[in-house]
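J.: sequence first, then the predicted structure:
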There are 2 protein chains.
Amino acid sequence: MTSIKDVANLAGVGLGTASRALSGKGYVAHETKKRIEEAAKKLSYKPNVLAQNLLKNSSGIIGILIPTLDHCFFSRLVQELESALYKKGYKTMICCTVSMEHGEQDYLDMLENNLVDGIITATHSFNDEAYLRSSRVIVSFDRDFGGHIPMVRSDHRAAGRMAAEHFMEKGCKKVLSIYGEDAREGHIIVGLAHRELKDCLESQGIQVLEDYISQDKFDMRHYSEKAAECLKKYQDIDGVFASDPLAEAFLWEGKRFGKKIPEELKIISYDGTERTRSVFPRISSVVQQIDKISLELTDILTRKIQGEEEVEDKITEIRWQQGETC
Amino acid sequence: MTSIKDVANLAGVGLGTASRALSGKGYVAHETKKRIEEAAKKLSYKPNVLAQNLLKNSSGIIGILIPTLDHCFFSRLVQELESALYKKGYKTMICCTVSMEHGEQDYLDMLENNLVDGIITATHSFNDEAYLRSSRVIVSFDRDFGGHIPMVRSDHRAAGRMAAEHFMEKGCKKVLSIYGEDAREGHIIVGLAHRELKDCLESQGIQVLEDYISQDKFDMRHYSEKAAECLKKYQDIDGVFASDPLAEAFLWEGKRFGKKIPEELKIISYDGTERTRSVFPRISSVVQQIDKISLELTDILTRKIQGEEEVEDKITEIRWQQGETC
């Protein structure tokens, strides 16, 4: 492989001059610079980026920690984040933590070792302390670490109110609100939507049942089984509020159980990803704006990398998407 | 930050000895090694991984190029690949090329610059020459570059035959086979399945219509529009063979058009990802075994990184998955 020394020799200059000319840092006379560039071209010289990274103490890589890609919300989030980070000059490394025992710790170690310049985390499986111990750049999606780690999330309370209003408008009397076990503990912020829904509906005399789903499994079979179990257990519910894939499972399992949708069962999903719009009937949803969330996460991350210390949490607006299930 | 020099000073040894002890390379007396390790621990010394990578000329990172994560096949493939690569000690960097103009070229440059140790490519948007020019480790999924780039793919001909047999068994007379424009040109190998289906059915006197879908758009709305357009254009078809999301779109749009499924329209999807199993009715599919494909890609990649020159293409078996749509 051609080294910068070969380039310097061919151009008849010193190593330092060649280095200054090719890195664009420091003064080199115009004619000399041109000669060095021609030599580099002639020798097919490629700069050693690993060496450059060592000097800059930066890899230009951002690590994204997510539970899984097997969930329409997270695959969409990663797609948007990758695109937003790319536009800011960063490459994206991913780690799906559900299937990896030491994944999160590995990535925190990589942060300490300068292998990644920052981390965006959207997981819920790991202890907060390990994140908080790190003095490096970490930004959180929908998980409240407190301390120095800023968070971006949707306005979950408004989402819960929005769903409640639509259930009320359609005359529901008994609504099932179903969400992740971790959110139940308050650790994952999305639980706020379900608590707000409950408060709103109960204040109007509408009964709310709550059930929970494991957050380690994301396959549709798991969602289908859970939906079937709930339809058997709570036979007289007339409304369901659940995440997109689970809401979709209620749609299919409801039909399998002979339920008329939306006449006998109203379904509202939270997230409103693309797939809610392409099924029949289309699912009515409260929408998290993944594109805006990704831009906010990327913006906060790059500001922190550039040394900004005080960065505030950001709450993005949600919106209603009328489908045919509520 | 603590340097290895600080560790050497505290342990009272030379820099070379400390380096040998901590890297595990070269001889250091047992007692001395213990003293150095204690010093490293006391000073919270973390090795500079960027410097280590520079020495090894390796980053431990594999780049995965895919068109999008917004497609159940590709999100599943990346999930499986990341898990398989992690077990082999590699981190995964991703690039979704559909939304990035220079994405593929950027990654090929990173390969030349040692920022990634290898690339797995599953895209179809870029010219072959740029890949073939590279002398580094590239492995392809379902794209025949020829030259020194090995390919892993499913047995598409067997897939086409399998689908044809099921259409015949159910008495179909006019089948729509719909696939990507790129596959039509023979560039993307999956087109083999559709050509084999056509040959098999036509040899039995069954009519086959062919239509094509753009491979730059992967959103469900696009699939729904295409399905609706086809149902209008080819009103008397009694069978459809299409990729998972498009087959799903035919399911919903077919219902919207008042078609009884499977009585009036049989649907077979190719890929058979999880979502075909969680809708109602469940979609009958020819299944690509993504887990096996990922293991083969990872195996070939690591063998090539270790210097193996002659690595053969690998064709993985497909299998039938009985649903309720054919």
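T.: Arrived safely.
J.: now A:Tyr223: which helix or strand?
T.: When elements are defined using DSSP states H and E, A:Tyr223 is found to belong to helix A:220-233.
J.: the helix or strand following that helix pairs with which strands, parallel or anti?
T.: Using DSSP H and E, the helix or strand that directly follows helix A:220-233 along the chain is strand A:239-243. Applying DSSP bridges, strand A:239-243 is found paired with strand A:174-180 (parallel), strand A:266-271 (parallel).
J.: show residues contacting the longest one.
T.: The reference is to strand A:174-180. Contacts with strand A:174-180, where a contact means Cβ atoms under 8 Å, 6 or more residues apart in numbering or on different chains, come from A:124, A:167, A:188, A:190-191, A:193-194, A:197-198, A:201, A:206-215, A:226, A:230, A:234, A:236-243, A:246. In short, each C-beta sits where N, CA and C put it, glycine included.
J.: tell me the buried residues in that strand?
T.: Applying a neighbour-count criterion of 16 or more other Cβ atoms under 10 Å in any protein chain shown, one finds A:Val175, A:Leu176, A:Ser177, A:Ile178, A:Tyr179, A:Gly180 buried in strand A:174-180.
J.: all helices of the stretch 201-326 of chain A, in order?
T.: A:220-233, A:244-256, A:290-305 (DSSP state H, counting those that start in this stretch).
J.: deepest of the ones you listed, which one?
T.: helix A:244-256 (a mean of 24; mean count of other Cβ atoms under 10 Å in any protein chain shown).
J.: and that helix, what does it pack against?
T.: Contacting helix A:244-256 under the criterion 3 or more Cβ pairs under 8 Å, 6 or more residues apart in numbering or on different chains; DSSP states H and E are the following elements: helix A:72-87, helix A:220-233, strand A:239-243, strand A:266-271.
J.: thinking again about what came up before, is chain B contacted by the helix holding A:Tyr223?
T.: Yes - contact between helix A:220-233 and chain B, assessed by Cβ under 8 Å from any Cβ of the partner chain, occurs at A:Met220, A:Arg221, A:Tyr223, A:Ser224.
J.: roughly how far is that helix from the heart of the chain?
T.: Computed by Cα atoms, centre = their mean, to the nearest Å, the chain-centroid distance of helix A:220-233 equals 26 Å.
J.: show me what it is packed against.
T.: In terms of contacts (3+ Cβ pairs under 8 Å, 6+ apart), helix A:220-233 is packed against strand A:174-180, strand A:207-213, helix A:244-256.
J.: may I have the first one as PDB, with CA atoms only?
T.: Output of strand A:174-180 as PDB, limited to C-alpha atoms (Å, rounded to 0.1, in the frame of the first residue of the first chain):
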ATOM      1  CA  LYS A 174     -65.100  -1.100  28.600                       C
ATOM      2  CA  VAL A 175     -61.700  -0.500  27.200                       C
ATOM      3  CA  LEU A 176     -58.600  -2.700  27.400                       C
ATOM      4  CA  SER A 177     -55.400  -0.900  27.600                       C
ATOM      5  CA  ILE A 178     -52.400  -3.200  27.000                       C
ATOM      6  CA  TYR A 179     -48.700  -2.300  27.100                       C
ATOM      7  CA  GLY A 180     -45.200  -3.500  28.000                       C
END
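J.: give me the mean pLDDT for it.
T.: Per-residue confidence for strand A:174-180 averages out to 95 on the pLDDT scale.
J.: among the contacts of strand A:174-180, which ones are buried?
T.: For the contacts of strand A:174-180, burial is judged from neighbour counts taken by 16+ other Cβ under 10 Å, and it is met by A:124, A:167, A:188, A:190-191, A:193-194, A:197-198, A:201, A:206-209, A:211, A:213, A:215, A:226, A:230, A:237-243, A:246.
J.: quick check: phi and psi at A:Phe145.
T.: Geometry field for A:Phe145 lists phi and psi as phi -80, psi -20, criterion degrees, to the nearest 10.
J.: wait, it touches A:Val139, no?
T.: No - counting by Cβ atoms under 8 Å, no contact exists between A:Phe145 and A:Val139, whose distance comes to 10.0 Å.
J.: which neighbours do these two share?
T.: Counting by Cβ under 8 Å, 6+ apart, the shared contacts of A:Phe145 and A:Val139 are A:Met151.
J.: which one of those two is surrounded by more residues?
T.: A:Val139 (27 against 15; other Cβ atoms under 10 Å in any protein chain shown).
J.: which strand or helix spans the more buried one?
T.: Element membership of A:Val139, judged by DSSP H and E, is strand A:138-141.
J.: whatever helix or strand comes next after that strand pairs with which strands, and in what direction?
T.: Next in sequence after strand A:138-141, counting helices and strands by DSSP H and E, comes strand A:151-154. For strand A:151-154, the pairing partners within the sheet under DSSP bridges are strand A:138-141 (parallel), strand A:314-316 (parallel).
J.: could I get these as a markdown table with mean pLDDT?
T.: Conversion of the strands paired with strand A:151-154 to a markdown table gives the following (pLDDT from 0 to 100):
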| stretch | mean pLDDT |
| --- | --- |
| strand A:138-141 | 94 |
| strand A:314-316 | 95 |
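J.: any idea which of the ones you listed is most buried?
T.: When you average the neighbours per residue for each of those (mean count of other Cβ under 10 Å), strand A:138-141 leads with a mean of 24.
J.: who in the stretch 51-200 of chain A is up against chain B?
T.: Going by Cβ under 8 Å from any Cβ, the residues of the stretch 51-200 of chain A near chain B are A:51, A:53-54, A:57, A:59, A:61, A:68-70, A:75-76, A:78-79, A:82-83, A:86, A:91-96, A:99-100, A:103, A:110, A:112-115.
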